[in-house]
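1. A predicted structure for the sequence below; I have some questions about it.
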Amino acid sequence: MSRQFEGFELYIATLVADGLSAGQLSEAADRLAGVDCAPGAWRWIDAGQAADLLFVSHPEAARAALEGAFAATDVIVQPEAGREKELLIADMDSTMITVECIDELADYAGIKAEVADVTERAMRGELDFAAALDARVALLKGLEESAIDRCLAERVRLSPGAMTLVRTMRTRGALTVLVSGGFTRFAEPVGEQLGFERVIANRLEIAGGMLTGTVTKPIVDSGTKEATLLAALAERTLAAEATMAVGDGANDLAMIRRAGLGVAYRAKPIVAAAAAVRLDHAPLHALLWAQGVPMEAWVR
């Protein structure tokens, strides 16, 4: 630690961008100085892509001064102590994968627009999640079970950087849990492919090779996600500060607020406003830079 910072609680502002320049970082340090954050010198994590600026006060002011100041740049502000996390809890749909599975599945039934509208409203927090899920699943009654496998093969794609994030954190000793308000028939293969240690999701009910239009209760919802995080903390005897939660929709809010680093990934406005970190531009592997892990240590 530099003598400049002895006796102070340290914070870090991590800037992530494709083509990040020394000039931008110098300007960022000036912006921090302008809001009394007492910044030190900046340092590269990976040259041209991610860098840290240490400072000693007013983290909220630092975030406000830096977010939006540079084009296509994500900013992560957090305490320096404990920045590498020991627990990752992540949402699946529109977070670890690029689509909402229920909307894509509905397309095979010819009702994607109707279902997608309800999904969007639920993710914005305008509808009760459990009731909205029941209503959408009911519309799928009679759809052939084979549509699930077709949808998985034809529509489901991993989000950029997701596999690198999960596998690197797990290799470094973190517990990784995928907890989804979606369905096990998607979440289990996705979780296995990404390298998650555990997968929790809803179970579609099927009879005679057809979807019954129902889902097994209790539904995996916001409360389940929060409870999963708290149970993992107790199991591993971790402080909340040792956790990272990543999601995009209103049903992710509770776990995001509980986590030491709560991340809104390409998120709905209600989530982006509440999360400590917004990841709007960079791939998910940027969350390794947020933990100070350079590319040479990533598991690809």
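-> Yep, it's here. Fair warning: this is a prediction, and the values are worked out from it, not measured in the lab. Numbering: from 1, shown residues only.
2. Next, please give the residue ranges for the strands of the stretch 151-300 of the chain.
-> Using DSSP state E, counting those that start in this stretch, the strands found in the stretch 151-300 of the chain span residues 175-183, 198-202, 204-207, 210-215, 243-247, 261-265, 277-279.
3. Only alpha carbons, please: show the third one as CSV.
-> Meaning strand 204-207. Taking Å, rounded to 0.1, in the frame of the first residue of the first chain, the C-alpha atoms of strand 204-207 are listed here in CSV:
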residue,chain,number,x,y,z
LEU,A,204,-42.3,-27.4,-16.3
GLU,A,205,-44.9,-30.2,-15.9
ILE,A,206,-45.3,-32.5,-18.9
ALA,A,207,-47.7,-35.4,-19.6
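4. and it, which strands flank it?
-> Strands adjacent to strand 204-207 in the sheet, as given by DSSP bridges, are strand 210-215 (antiparallel).
5. Flag every buried residue along the strand it pairs with.
-> 211, 212, 213, 214, 215 (16 or more other C-beta atoms under 10 Å). To be clear about C-beta, it is placed using only N, CA and C from the backbone, and glycine gets the same treatment.
6. Of those, just say which sits nearest to residue 28.
-> residue 215 (46.9 Å; C-beta to C-beta).
7. hang on, the earlier thing: let me have the buried residues of strand 210-215 in JSON lines, adding distance to residue 60 and pLDDT as columns.
-> JSON lines is the format used below for these (distance: C-beta to C-beta, whole Å; pLDDT from 0 to 100):
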{"residue": "211", "distance to residue 60": "47", "pLDDT": "98"}
{"residue": "212", "distance to residue 60": "49", "pLDDT": "98"}
{"residue": "213", "distance to residue 60": "47", "pLDDT": "97"}
{"residue": "214", "distance to residue 60": "45", "pLDDT": "98"}
{"residue": "215", "distance to residue 60": "40", "pLDDT": "98"}
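8. can those go into a markdown table with extra columns for distance to residue 27?
-> A markdown table is the format used below for the buried residues of strand 210-215 (distance: C-beta to C-beta, whole Å):
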| residue | distance to residue 27 |
| --- | --- |
| 211 | 55 |
| 212 | 58 |
| 213 | 56 |
| 214 | 56 |
| 215 | 51 |
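9. Show the contacting residues for residue 285.
-> Residue 285 sits next to 160, 161, 164, 165, 168, 298 when contact means C-beta atoms under 8 Å, 6 or more residues apart in numbering.
10. Top of those by number of neighbours, please.
-> residue 165 (29 neighbours; other C-beta atoms under 10 Å).
11. so what's that one closest to, chain neighbours aside?
-> residue 284 (4.7 Å; C-beta to C-beta, 6 or more residues apart in numbering).
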